[in-house]
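Peer 1: no sequence on hand, only this structure:
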């Protein structure tokens, strides 16, 4: 990427690994029109700095700070037209570099105490090292096989449609529904819901089931003597109730003769 | 990566490729889609043969190769559901209030017509509700009331008592105490 | 696997049940989860034996039983990807360096705040980067640091390890050696 950059020789005096060099490494100079290239290539000022250091095998302190700062500032002018947030960070890095350099230039007071002033380079070196470490691991992370990209995870369809569970019915649910209805009925007094002997209602349904259409059944046969008196009374009430609701007809042809019961003539039995 | 992998691995059999694609796919794969797996043209008949072979391979196992409208897919056998449900217990679905109230009215007030139910609930009873209850074999028509229109009379069945673990309707929860509090 | 005994599928073999559960699971299944498949208590050793058997059964086929952070799962062999890619040519793109660097910092330094990440990278972390990682379910907020502004603390998830085919953070590349050089 950097090789595409236009090189412009700048004569400086610097030393590389102790050896003086006459020319600044050419691709240290990044012309402004390479700005977007730089932004795409480097993920931040640390990255750019790291590139320069590694590329030229430089000690961070041997970078010509003034020249580098001049370049930085010219980019920032352009950056302000594009990405302001980035400009601030590149500017901050330039400031850091200048600060380090200036602190190094200042004569250091000789101290004997233990808490000697820290080398101004140390913090930057630590950050660069840490950043480089993360950069490398990020690359390794990106090379790991990734689900969905390098392999697929198996998930076979569970065919639930075949055995869709039916809602379960609980006694309590039924009771709650009924109580809820009764409560509502209380509020809407237009219809009076009254408590009935369940067994009567059950027996009514039972009797209706026993009766065939157009067929008289002896009244006696509707009673099972083994069921006890209470049940017989229930059956009797059920028959009366059915008659009241015109569901059955009760017939007695002769006085004191047999009583017969049949479904109402209009009774329509389902096929 | 692929170059290296190919050097190390022998080329997978067409059956393995088809099987893997079907196991991986999130939707059914048509024959035309399956053909794309191969660089060389593969005859439809050959593909069908492979699918048959895969189907046979999976006979008697937990999942099965099935043909649906869109193509072929693997899916579980219904017999496996009971086990799989233990891993992700599905909340048993519940009936709507309308269904429960309708059933309650029929249970506590039988035999009743649709009109009775509507009068008590104060709203029309959707046919779907009665169909649902009939499909569960919980209610049945026991006759019709001798009034104009001769509406059906509904009553609960022995099946409902079975499902509720009751021997008689009398065992339905008593309402006396609740009634008094109303 | 004896096909004859299975044709009726009256009671599936434990191995079939475990295999089907693994084939259908939406996420890796731990040994404890797999135990739930059986009504009777099953020993961990027996379960491991079954998993080994299943692994052997699939040797040399297109998919393989693998252990990852959350448990066991079936996944395709990398060699199959070249074929599967023919069916769905749109591969998820590799993430940008900014995304991967952010992920690496969270993975190796967790729990970290956004400020920590920015300090290491020397550049502001775009919200889109964190959103991308959260959308993949690779990172999550695990708390906040007790400093002014109470910034969120980010950590990586088990899902990240699953997706990277790892059983533990310790398996992340180069963590040991790189950290020692610090």
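Peer 2: Cool, got the structure. The shown structure was predicted, so the numbers you read here are calculated from the model rather than taken from an experiment.

Peer 1: so where's chain B shaky on pLDDT?
Peer 2: Along chain B, segments meeting pLDDT under 70 span B:1-9, B:89-92, B:174-182.

Peer 1: quick one: the residue minimising distance to the centre of it from residue B:71, how far?
Peer 2: Geometric centre of chain B, nearest residue: residue B:78, 10.3 Å, by Cα atoms, centre = their mean. Using Cβ to Cβ, to the nearest Å, one obtains 21 Å as the distance from residue B:78 to residue B:71. Heads up, the C-betas are built off the backbone N, CA and C, glycines and all.

Peer 1: mind listing the strands for the stretch 101-250 of chain A?
Peer 2: A:217-218, A:248-252 (DSSP state E, counting those that start in this stretch).

Peer 1: which helices and strands sit right next to the longest helix belonging to chain A?
Peer 2: Identified as the longest helix of chain A according to DSSP state H is helix A:120-143. Under the contact criterion of 3 or more Cβ pairs under 8 Å, 6 or more residues apart in numbering or on different chains; DSSP states H and E, helix A:120-143 touches helix A:45-55, helix A:84-105, helix C:97-109, helix C:114-121, helix C:175-180.

Peer 1: quick one: buried residues of it?
Peer 2: A:120-121, A:124, A:127-128, A:130-135, A:137-138, A:141-142 (16 or more other Cβ atoms under 10 Å in any protein chain shown).

Peer 1: report the angle between it and helix C:97-109.
Peer 2: 100 degrees (axes from the mean of the first three to the mean of the last three Cα atoms, to 10 degrees).

Peer 1: so for helix A:120-143, what's the average pLDDT?
Peer 2: Per-residue pLDDT over helix A:120-143 has a mean of 82.

Peer 1: same question, stretch A:218-238
Peer 2: Computed over stretch A:218-238, the average pLDDT equals 80.

Peer 1: how long is it from one end to the other?
Peer 2: 15 Å (Cα to Cα, to the nearest Å).

Peer 1: how about it: buried residues?
Peer 2: A:219, A:222, A:234, A:235, A:237, A:238.

Peer 1: near chain B, from those residues?
Peer 2: By Cβ under 8 Å from any Cβ of the partner chain, no member of those lies near chain B.

Peer 1: tell me which two in those are the farthest apart.
Peer 2: Using Cβ to Cβ, the buried residues of stretch A:218-238 span at most 15.0 Å, a distance reached by A:219 and A:234.

Peer 1: in the stretch 151-271 of chain A, which spans are helices?
Peer 2: Under the criterion DSSP state H, counting those that start in this stretch, helices of the stretch 151-271 of chain A are mapped to A:171-187, A:198-210, A:228-244.

Peer 1: what distance do you get for residue A:219 to chain C?
Peer 2: 53 Å (Cβ to the nearest Cβ, to the nearest Å).

Peer 1: so for residue A:191, what pLDDT did the model give?
Peer 2: Looking at residue A:191, the pLDDT reads 45.

Peer 1: picking up where we left off before, deepest-packed of the strands of the stretch 101-250 of chain A, please.
Peer 2: Ranked by mean neighbour count, those are led by strand A:248-252 with a mean of 16 (mean count of other Cβ atoms under 10 Å in any protein chain shown).

Peer 1: check whether that strand comes near chain B.
Peer 2: No. Strand A:248-252 stays clear of chain B (Cβ under 8 Å from any Cβ), getting no nearer than 9.1 Å.
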